[in-house]
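Okay, predicted coordinates and the sequence, questions at the end:
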Amino acid sequence: MSCIISVKDSLYNEGDRYDFEADVSFEPVSYMGAVSFKNAKATGFYFADGKNVRFSGKIDVDCVFECDRCLKEFEKSFTFSFSEMFSHSSEEENLVISRNDTVDIQPLLFDTVLSALPIERLCTEDCKGLCQHCGIDKNFSSCSCTDGDEDNPFAVLRGLVD
Ligand SMILES: [Zn+2]
Ligand SMILES: [Zn+2]
């Protein structure tokens, strides 16, 4: 997938500001857990500074994560900002202006999103998670398992008393 923008006009009109807006789509990734993306939209502007073109803006995206505790899918919206310089001779592949004076901002947008994703992913701050013993979702029901019984030396005795 790509998101191509022609920057030719801006190179002939140094300093002039050009607005851009683009709907983008990203493939799902496995990045500290499965993540998929919806409704990604980038808005911003670019302008030439000498032979370079700077792109600045923000990307709005809805991310679908798996909860770290209960494994349920949940969605969260984010806005991430970016500002990067493109040039014909850039050492970074993602920031090269092509011979036809176009750029592909898709890799830049994707990197922006990936590098800003939260490490902790919880459906709610106080998600109770799954029971370690029987696997029941403790947000919806309760079970009679007691945590840490295996480690409790008195667990055996309890059985004898019963
Ligand atoms: Zn959860
Ligand atoms: Zn249980």
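Great, that's in hand. Numbers count the residues shown, from 1 in each chain. Ligands and ions are numbered 1, 2, ... in the order given.

Pull out the buried positions in the lengthiest helix in the chain.
Longest helix of the chain, by residue count under DSSP state H: helix 106-116. Burial within helix 106-116, assessed by neighbour count using 16 or more other CB atoms under 10 Å, is assigned to 106-110, 112-113. Bear in mind the C-beta positions are built from the backbone N, C-alpha and C, glycine included.

ditto for stretch 79-96
Residues of stretch 79-96 classed as buried: 80, 82, 84, 86-87, 94-96 (neighbour count, 16+ other CB under 10 Å).

All the strands of this protein, residue numbers only.
Here the chain has its strands, by DSSP state E, at 4-6, 18-24, 29-30, 34-49, 52-66, 73-86, 102-104.

out of the ones you listed, nearest to ligand 1?
Evaluated over those, closeness to ligand 1 peaks at strand 73-86, with 7.2 Å, by CB to the ion.

Export that closest one to PDB, keeping only CA atoms.
C-alpha atoms of strand 73-86 as PDB (Å, rounded to 0.1, in the frame of the first residue of the first chain):
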ATOM      1  CA  GLU A  73     -10.800  -7.400  21.500                       C
ATOM      2  CA  PHE A  74     -11.300  -3.700  22.100                       C
ATOM      3  CA  GLU A  75     -11.000  -0.500  20.100                       C
ATOM      4  CA  LYS A  76      -9.200   2.700  21.000                       C
ATOM      5  CA  SER A  77      -8.800   6.000  19.000                       C
ATOM      6  CA  PHE A  78      -5.500   7.800  18.800                       C
ATOM      7  CA  THR A  79      -4.100  11.000  17.200                       C
ATOM      8  CA  PHE A  80      -0.300  10.900  16.600                       C
ATOM      9  CA  SER A  81       1.700  13.800  15.100                       C
ATOM     10  CA  PHE A  82       4.700  13.700  12.800                       C
ATOM     11  CA  SER A  83       7.100  16.100  11.200                       C
ATOM     12  CA  GLU A  84       9.800  14.800   8.800                       C
ATOM     13  CA  MET A  85      12.000  16.100   6.000                       C
ATOM     14  CA  PHE A  86      12.000  14.400   2.600                       C
END
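
tilt between it and strand 34-49?
With axes from the mean of the first three to the mean of the last three CA atoms, to 10 degrees defining the directions, strand 73-86 sits at 20 degrees from strand 34-49.

tell me which strands and helices strand 73-86 is in contact with?
strand 34-49, strand 52-66, helix 106-116 (3 or more CB pairs under 8 Å, 6 or more residues apart in numbering; DSSP states H and E).

Switch these over to a markdown table; also include mean pLDDT.
As requested, these are exported to a markdown table (pLDDT from 0 to 100):
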| stretch | mean pLDDT |
| --- | --- |
| strand 34-49 | 97 |
| strand 52-66 | 98 |
| helix 106-116 | 96 |
